[in-house]
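> The following block contains a protein sequence and its predicted model.
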Amino acid sequence: MLLDGHKIAQAIHAEIKDVLQKLATHARKPCLACVLTTKHPASASYVQRKIKACHEVGIESQVFHLQPHCTKELLDFIDKLNLDPMVDGILIQLPLPPHIHLLEVLEKIDPLKDVDGFHPLNAGKVLLQDPTAFNPCTPLGIKVLLERYEIDITGKHVVILGRSNIVGKPLAALLMQDAPGCNATVTVAHSKSTYLKELTRTADILVAAMGRPKAVEADWVKEGAVVVDVGINRVEALASKSGYKVIGDVDFENVKNKCMAITPVPGGIGPMTIAMLLKNTLKSYYLRNKLQLP
Ligand code: GUN
């Protein structure tokens, strides 16, 4: 079975649009501010997609192009967004230029506007299962996709390949929670893990998030497992108009025959990440306006 993230994300967009259409006519709309600090084509394209999705559902958006010479310039700009009452969500597109201090930047974002869920306060709230936490969008997108396909992970062994702060670590914290759609037994593996293949073959749900094209081969996967591919690797493709194509961390063609369900790349977790960004922006709007969450 193909886990169609594009289709589920579209359904979530429609739900958000519906909620926003029911807001009082005089109420201001939620607003997401995105900050780009590099000229990476991939980053620009991700931000474009986020803005397009906002527009589709009726969330206002702003995009700022900054090329900070030092961390302080970016911190001052974030302060302006923190103080702007019209801005509900702040997204600093990563990666940052190498001379900028990532943690200083993430810590500067008002935790109530931290729709990426990267601020240490939100990371802690996820661990403590505080309902006001902003879960990072990719982990939340994985959880929601599995839920919408009625794949119950209660008591199942989830093996996560990759320990990044954006995906691996927060996904482990989320899926092990004592909460609906969670309750998994989670193992996080990484580049220093030994007996990797033996480990992944014990996974009921295998999440590939290590950023290595087609690294997960068929013999890494247990018959009947669920495979979630978080990889977004741009590889050269001369036949393509853009000169590149996007492939995942899973060898899709060979793995798809062995597993019970699999996410494609593109069209799997990518669109779910964007749908969760919209959901988090809506959540921020509701929390900041002290409204009851829908
Ligand atoms: N770069 C890659 N993924 C993400 C994400 O989820 N949020 C931000 N801000 N930058 C990213």
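Sure thing, it's come through. Bear in mind the structure is a predicted one, so any value in this text is a computation, not a measurement.

> Only C-alpha atoms from now on, for both contacts and neighbour counts.
OK.

> Tell me the pLDDT of residue 134.
Predicted confidence (pLDDT) at residue 134: the value is 98.

> That one: what's its closest spatial neighbour, skipping adjacent residues?
Excluding its sequence neighbours, the residue lying closest to residue 134 (C-alpha to C-alpha, 6 or more residues apart in numbering) is residue 117, at 4.8 Å.

> Can you report how many residues lie near residue 278?
Applying other C-alpha atoms under 10 Å, we find 28 residues neighbouring residue 278.

> Adjust the sequence numbering to begin at 37 for everything that follows.
Happy to do that; since the first residue is 37 now, the last one works out to residue 314.

> That one against residue 90, yeah?
Yes: counting by C-alpha atoms under 8 Å, residue 314 does reach residue 90; the two are 6.7 Å apart.

> and stretch 84-97, how far out from the chain's middle?
16 Å (C-alpha atoms, centre = their mean, to the nearest Å).

> For it, the averaged confidence score.
Averaging pLDDT along stretch 84-97 gives 98.

> Now do the buried residues in it.
Residues of stretch 84-97 classed as buried: 86, 87, 89, 90, 93, 94, 95, 96, 97 (neighbour count, 16 or more other C-alpha atoms under 10 Å).

> which ones are touching the closest residue to the fifth one other than its chain neighbours?
In space, residue 93 comes closest to residue 53 once its chain neighbours are excluded; the distance is 4.4 Å by C-alpha to C-alpha, 6+ apart. By C-alpha atoms under 8 Å, 6 or more residues apart in numbering, the residues touching residue 53 are 92, 93, 94.

> Could I get the residues you listed in JSON lines, plus columns for distance to residue 59 and secondary structure?
Below are the contacts of residue 53 laid out as JSON lines (distance: C-alpha to C-alpha, whole Å; DSSP: H, G, I helix; E, B strand; the rest coil):
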{"residue": "92", "distance to residue 59": "16", "secondary structure": "helix"}
{"residue": "93", "distance to residue 59": "13", "secondary structure": "helix"}
{"residue": "94", "distance to residue 59": "11", "secondary structure": "coil"}
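
> Those residues into a markdown table, with extra columns for distance to the ligand?
Output for those, formatted as a markdown table (distance: C-alpha to the nearest ligand atom, whole Å):
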| residue | distance to the ligand |
| --- | --- |
| 92 | 19 |
| 93 | 19 |
| 94 | 20 |
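
> Make a markdown table from those and add distance to residue 133 to it.
Conversion of the contacts of residue 53 to a markdown table gives the following (distance: C-alpha to C-alpha, whole Å):
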| residue | distance to residue 133 |
| --- | --- |
| 92 | 30 |
| 93 | 31 |
| 94 | 31 |
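
> ok, which stretches of the stretch 87-236 of the chain are strands?
In the stretch 87-236 of the chain, the segments counted as strands under DSSP state E, counting those that start in this stretch are 96-101, 125-128, 193-197, 221-225.

> What separation is there between residue 50 and the ligand?
Distance, residue 50 to the ligand, using C-alpha to the nearest ligand atom, to the nearest Å: 21 Å.

> ok, and the closest non-adjacent residue to that residue?
Per C-alpha to C-alpha, 6+ apart, closest to residue 50 is residue 93, 7.0 Å.

> Over to residue 227?
Nearest residue to residue 227 in three dimensions, chain neighbours excluded: residue 198, at 7.5 Å (C-alpha to C-alpha, 6+ apart).

> Tell me the residues of the protein that contact the ligand?
Applying C-alpha under 6 Å from any ligand atom, one finds that the chain approaches the ligand through 127, 128, 129, 130, 131, 152, 173.

> Any idea which residue is closest to the centre of the chain?
The chain has residue 174 as the residue nearest its centroid, 2.0 Å off, counting by C-alpha atoms, centre = their mean.

> Which residue is the nearest non-sequential neighbour of that one?
Counting by C-alpha to C-alpha, 6+ apart, residue 174 lies nearest to residue 309, which is 4.7 Å off, once chain neighbours are set aside.

> Isn't residue 208 up against residue 222?
Yes: here residue 208 reaches residue 222: they are 6.1 Å apart, a contact under C-alpha under 8 Å.

> what touches both of those two?
Common neighbours of residue 208 and residue 222 (C-alpha under 8 Å, 6+ apart) are residue 196.

> Is residue 327 in a helix, a strand, or coil?
coil (DSSP: H, G, I helix; E, B strand; the rest coil).

> And for it, the neighbour number?
Residue 327: 10 neighbours (other C-alpha under 10 Å).

> I appreciate the help and will end here.
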